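Colleague: No letters, just coordinates:
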């Protein structure tokens, strides 16, 4: 065995890794929250009473998911991130949802354990760090499903398209079976995904799954859960970024902000000047949408505490480049992702230009409901003529009505006088 070659290879790998961290200029991370309770309990759910925390709440496992991720980020970026928290170094944002706010706080406990002058309570190895949020209806970056009307219109149009209707028809027997046994309407893939989520959480925690959900369904010769429902859940995530417009209004809004931060760092205008980290605590659909906007989504629903890391580097020659990593498995190192048309270490200018089609310039304006097309001049003339005829008809009818009422009033008055 060539031990010398192995030794040289390891040294090269370590030095390359350290050099990569030393070239890091800005880090931006987006992660999904940790393990939670089911959001929707279906009427016939045998485990509905198990979740004492309430629907959609972070569990103790979820807190540990995020604490572990924070410790991982601290270790990975130890030679870049300052060990002490400072408002100028780090900014944390979260969607305005309990589980994402709590996930951000648990993550920060692992990322910035108090040390030195940050230690304020000897019995509590934790420090409070601000997490910023905004109402869902104006949060275009992290809650585009709620805030972006035009995205919702595009999603509704896709749901009624021929391809999706064909898919719904193919799995119609499954939809009807699930509706019959769960007690909840199942008209589309989205409801299948919601039910799958509840089954998966129960199963993950060792709770009983209804016998009917484990059966093999005759038309497909596969078990309802998980063999039929899991791939359909993945498809529902893929459809959320099916068109370029959906990618632009979905993950594109967050990507636009990330690119703006990198542009300012490259230009030397980023404020505060000491900023090292932007952190976003959000949901599975945010992770999927960002990856789809970048053209690197693998089509699988992002797992709990999955994390996208967007790194801006500057090489020894002064040139800037971008690297994107995806951590969706705690047992292996994060996967390095390559944007279509670029290299793993994507030059900054190429990254900026390749992502331009999916970055909205004014997301609030683009999210407004799509305007109706302006009518042609011929249509306007036709509408004016039609309106004129309608008004004339109303006028004639009014005159005839008044004349009729006048004759009736005279006859009535004459009869009354005669008495």
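Modeller: Done, it's in. All figures in this text were calculated on a predicted structure; none of them were measured in a lab.

Colleague: Can you tell me the closest non-neighbouring residue to residue 323?
Modeller: Leaving out its chain neighbours, the residue that sits closest to residue 323 by Cβ to Cβ, 6 or more residues apart in numbering is residue 311, at 4.6 Å. No exception for glycine: its C-beta is placed from N, CA and C like everyone else's.

Colleague: quick one, domains of this structure?
Modeller: Listed domain ranges for the chain are 20-151+243-367, 153-239 (source: automatic domain parsing).

Colleague: Next, the distance between the ends of the shortest one.
Modeller: So that's domain 153-239. 13 Å (Cα to Cα, to the nearest Å).

Colleague: quick one on the thing from earlier: mean neighbour count and mean pLDDT added to the domains of the chain, as a markdown table?
Modeller: Below are the domains of the chain laid out as a markdown table (neighbours: other Cβ atoms under 10 Å; pLDDT from 0 to 100):
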| stretch | mean neighbour count | mean pLDDT |
| --- | --- | --- |
| domain 20-151+243-367 | 18 | 97 |
| domain 153-239 | 16 | 97 |
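
Colleague: So what does residue 335 look like in phi/psi?
Modeller: Residue 335 adopts backbone torsions of phi -80, psi 130, taken as degrees, to the nearest 10.

Colleague: Which strand residues bridge it?
Modeller: Judged by DSSP bridges, the bridge partners of residue 335 are residue 326.

Colleague: What segments of the chain are strands?
Modeller: 24-32, 90-94, 216-217, 222-223, 277-282, 307-314, 320-327, 335-337, 346-347 (DSSP state E).

Colleague: In JSON lines, list those along with distance to residue 248.
Modeller: As requested, the strands of the chain are arranged in JSON lines below (distance: least, Cβ to Cβ, whole Å):
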{"stretch": "strand 24-32", "distance to residue 248": "17"}
{"stretch": "strand 90-94", "distance to residue 248": "20"}
{"stretch": "strand 216-217", "distance to residue 248": "38"}
{"stretch": "strand 222-223", "distance to residue 248": "36"}
{"stretch": "strand 277-282", "distance to residue 248": "18"}
{"stretch": "strand 307-314", "distance to residue 248": "18"}
{"stretch": "strand 320-327", "distance to residue 248": "18"}
{"stretch": "strand 335-337", "distance to residue 248": "19"}
{"stretch": "strand 346-347", "distance to residue 248": "20"}
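
Colleague: Out of those strands, flag the one nearest residue 174.
Modeller: strand 216-217 (6.3 Å; Cβ to Cβ).

Colleague: which other residues reach that closest one?
Modeller: Outside strand 216-217, the residues that touch it by Cβ atoms under 8 Å, 6 or more residues apart in numbering are 173, 174, 177, 222, 223, 224, 228.

Colleague: Now do the residue nearest to residue 323 against residue 339, distance only.
Modeller: Counting by Cβ to Cβ, to the nearest Å, the gap from residue 311 to residue 339 is 13 Å.

Colleague: Between those two, which contacts overlap?
Modeller: Shared contacts of residue 311 and residue 339, defined by Cβ under 8 Å, 6+ apart, comprise residue 324.

Colleague: Show me where the stretch 101-250 of the chain has its helices.
Modeller: In the stretch 101-250 of the chain, the helices defined using DSSP state H, counting those that start in this stretch lie at 144-147, 149-159, 162-170, 172-182, 189-204, 211-214, 229-239, 244-249.

Colleague: biggest separation within the contacts of strand 216-217, which pair?
Modeller: Farthest pair in the contacts of strand 216-217 (Cβ to Cβ) is 173 and 223. Separation: 14.1 Å.

Colleague: Now the nearest residue to residue 133 once chain neighbours are set aside, what are its backbone angles?
Modeller: Using Cβ to Cβ, 6+ apart and skipping the chain neighbours, the partner closest in space to residue 133 is residue 96 (4.5 Å). The phi/psi pair for residue 96 (degrees, to the nearest 10) reads phi -80, psi 60.

Colleague: what comes into contact with stretch 81-95?
Modeller: Under the criterion Cβ under 8 Å, 6+ apart, residues 27, 73-74, 100-101, 103-104, 108, 111-112, 115-118, 127, 129-133, 136, 139, 141-143, 272-283, 286 lie in contact with stretch 81-95.

Colleague: what's the nearest residue to residue 104 if we skip its chain neighbours?
Modeller: residue 281 (3.8 Å).

Colleague: what sits against the one you found?
Modeller: Residues near residue 281 by Cβ under 8 Å, 6+ apart: 31, 33, 92, 93, 94, 95, 100, 101, 103, 104, 107, 131.
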